[in-house]
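# coordinates for the following, if possible.
(chains A and B)
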Amino acid sequence: MGTASDKKLFDENGLRLDGRSPGDLRPIRIETDVLNRADGSAFIEWGGNKIQVAVYGPREAYPRHMQDINQAFVRARYNMAAFSVDERKRPGPDRRSMEISKVISEALQAAIMVELFPRAQIDVFIEVLQADAGTRIAGLTASAVALAAAGVPMRDLVVGCTAGKVDGKVVLDLSKEEDNFGQADLPIAIMPKSGKVVLMQMDGDLSVDEFNEATSMIFKATERINQIQRDALKKNYANTAQDWGE
Amino acid sequence: MPRDELDVMSEIKRNYILQKIKKDGLRADGRKLDEMRKVVIQTNFIPRASGSAVVTLGRTKVVCGIKIEAGEPFPDTPNQGVLTTNVELLPMAFPTFEAGPPSEDSIEIARVVDRGIRESKMIDLQKLVVEPAKQVWIVFIDIDVIDYDGNLIDACTIAAVSALATAVVPASTIGQKDFPLPITCKPASVTMMKIDNVVIVDPDLEEEQIASARLTVTMAEDGHLKAMQKGEPGFFTLEEIQKAIKTSSDVGSQIRSNYPK
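The predicted structure follows:
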């Protein structure tokens, strides 16, 4: 991030490399219950990101010493496939993926009614099959859908989006190039009904005004992404209803 | 952070901390809500290191040593030195810290500290090139946590920034003249936690145990945000975050006044 570059990230009309204006999202598509074995699953395509999420549980927590007598614990595992990035990534967890797993687990734990399942664990497996910037937020957004599809009781869905700074301008939903050559990156996830922030990270350089501009862009965008989440969940049940009707 | 029987706190103590914060706007140890514990910094504690600092933040104590060695740059940044940050939660620091590979907690702390230093461009990495694409200076920030009583992120940031500010690049090892590590600014991280809808600065261990969410904001002298991290399973509202940024700006300049030079 922030490596000095003469790469142009806006055209003469102020549009971004992929033709979006600063406040535009990339196309997002979510599908639920795409896996058989898992208790719930979701697949998300967000720009060039392709991420598969599976939920197992609530089930008895193992190892036993991890059991909490008051509530379930949520364990998200964010993993990048070796072929998901330009240069082959060495398989297995690294420091980046462990940190992302931790903040995603904590964000989901805020939304799940963990107090209903003492001594249990809820596993959320996030496999990034193709990465194109914003994977943690896309993975988290899909995780919330997979949890809902698994029937896990939740206070609300969790929906996220990133904003950042490119060529001194605040933009929504950074692309790969913008992420690589941009000056700041701000991923945020909220519970949309209440606007409570459950995940926030930031790196780069932002003035306080730029931060406020970025958060208002993100909050606006989460309304649209949340609708996509809801539609994905509803669509599945609409299909089920049709199957039964025929 | 600790998850075990030591995590259990008596109802009486929990209620006392809560009541005091809610009714008097004061902490159990008498601090105001936005007051840091006493910071003591001792630099050049480890002469064998290229730079070092022992920092006590209340009863939390960490030791940071900087090692600077000549080595190869990353292929994608041939004209820059290399920076790495590592935090060790030593078993001596707390009954449930265990030896072994780094835990999630230590990785998160190290990465948040690293981000503040890296993104503020505190170290001018472009001045750490011996021969482009061949040889650069690699700056290792290693932090040992030896006594744990809350808020490791800020203690570690203070230690790392202090140690870096006094570090010397050992260029005599490759036949050149030693020179001070090129520093452009001094970032300060401010960590806040939320206890029952009240946000407090610099939580001690007991406060960490009853808090729901954590927020770290790192800023440099220019008043810009350089790194942020929300942690723990609770949440913040946008208003709380905006207020926390303001607090971080104020408390950060107090922290900065403690930094060496």
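# quick one: the helices in chain A?
Remark: helices assigned in chain A by DSSP state H are A:95-111, A:135-149, A:176-181, A:208-245.
# measure B:A165 to A:A82 for me?
According to CB to CB, to the nearest Å, B:A165 and A:A82 sit 40 Å apart. In this view, the C-beta of every residue, glycine as well, is placed from N, C-alpha and C.
# more neighbours: those two, which one.
Each of B:A165 and A:A82 has its neighbours counted (other CB atoms under 10 Å in any protein chain shown); B:A165 has more, 20 against 10.
# who touches that one in this structure?
B:T43, B:G51, B:I183, B:K186, B:Y259, B:P260, B:K261 (CB atoms under 8 Å, 6 or more residues apart in numbering or on different chains).
# my guess is B:V201 contacts B:R27. True?
No. Counting by CB atoms under 8 Å, B:V201 does not reach B:R27; the two are 9.5 Å apart.
# ok, back up a step: can I get the buried part of the contacts of B:A165 as one PyMOL selection?
Restricted to buried positions by 16 or more other CB atoms under 10 Å in any protein chain shown, the PyMOL selection for the contacts of B:A165 reads:
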select buried, chain B and resi 43+51+183+186+259+260
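# closest one of the contacts of B:A165 to A:S41?
B:K186 (47.3 Å; CB to CB).
# tell me which element the closest one falls in.
Assigned by DSSP states H and E, B:K186 belongs to neither a helix nor a strand.
# please report how far it lies from B:K246.
Taken as CB to CB, the span from B:K186 to B:K246 is 20 Å.
# also B:R118?
For B:R118 relative to B:K246 (CB to CB), the value is 24 Å.
# the two: which is more packed in?
B:R118 (21 against 12).
# who's in contact with the more buried one?
A:D203, B:L83.
# so which helix or strand takes in it?
helix B:104-119.
# gap between that helix and the chain center?
8 Å (CA atoms, centre = their mean, to the nearest Å).
# same question for stretch B:205-216.
For stretch B:205-216, the distance to the chain centre is 16 Å (CA atoms, centre = their mean).
# can you tell if it touches chain A?
Yes. Counting by CB under 8 Å from any CB of the partner chain, contacts between stretch B:205-216 and chain A involve B:L215.
# chain B contacts on chain A?
Counting by CB under 8 Å from any CB, chain A comes close to chain B at A:1-3, A:66, A:68, A:74, A:95-96, A:98-99, A:101-103, A:105-107, A:109-110, A:184, A:186, A:191, A:195-208, A:211-212, A:215, A:219.
# contact partners for A:P22?
A:P22 makes contact with A:G14, A:R16, A:K169, A:V170, A:V171, A:L172, according to CB under 8 Å, 6+ apart.
# what's the distance between the last one and A:I137?
This points to A:L172. 11 Å.
# what of the first one?
Summarising the geometry, the distance separating A:G14 from A:I137, computed by CB to CB, is 25 Å.
# same deal with the third one?
To A:I137, A:K169 is 20 Å away according to CB to CB.
# which one's more surrounded, those two?
Ranked by neighbour count (other CB under 10 Å), A:K169 and A:I137 place A:I137 first, with 27 against 16.
# I figured that one hits A:G164, correct?
No. Taking contacts as CB under 8 Å, A:I137 lies outside contact range of A:G164: 11.7 Å.
# low-confidence ranges in chain A?
In the predicted model of chain A, residues A:1-6, A:240-241, A:243-246 satisfy pLDDT under 70.
# endpoints of stretch B:140-160, how far apart?
Across stretch B:140-160, the terminal residues are separated by 10 Å (CA to CA, to the nearest Å).
# give me the mean pLDDT for that stretch.
Mean pLDDT, stretch B:140-160: 96.
# does any bit of that stretch sit next to chain A?
No. Stretch B:140-160 does not reach chain A (CB under 8 Å from any CB); its nearest approach is 12.7 Å.
# and that stretch, which residues are buried?
Going by 16+ other CB under 10 Å, stretch B:140-160 has these buried residues: B:140-160.
# same check on stretch B:57-74?
Going by neighbour count (16+ other CB under 10 Å), the buried part of stretch B:57-74 is B:57-58, B:60-68, B:70, B:73.
# how about stretch B:216-226?
In stretch B:216-226, counting by 16+ other CB under 10 Å, buried: B:T216, B:V217, B:T218, B:M219, B:A220, B:H224, B:L225, B:K226.
# now for those residues, which pair is the farthest apart?
B:T216 and B:H224 (15.5 Å).
# run through who's touching the helix or strand hosting B:I255.
Element membership for B:I255, per DSSP H and E: helix B:238-258. Residues outside helix B:238-258 that contact it (CB under 8 Å, 6+ apart) are A:195, A:197, A:200, A:208, A:211-212, A:215, A:219, B:34, B:36, B:39, B:41, B:154, B:158, B:186, B:188-190, B:192, B:194, B:199, B:201-202, B:215, B:217-219, B:221, B:223, B:225, B:236.
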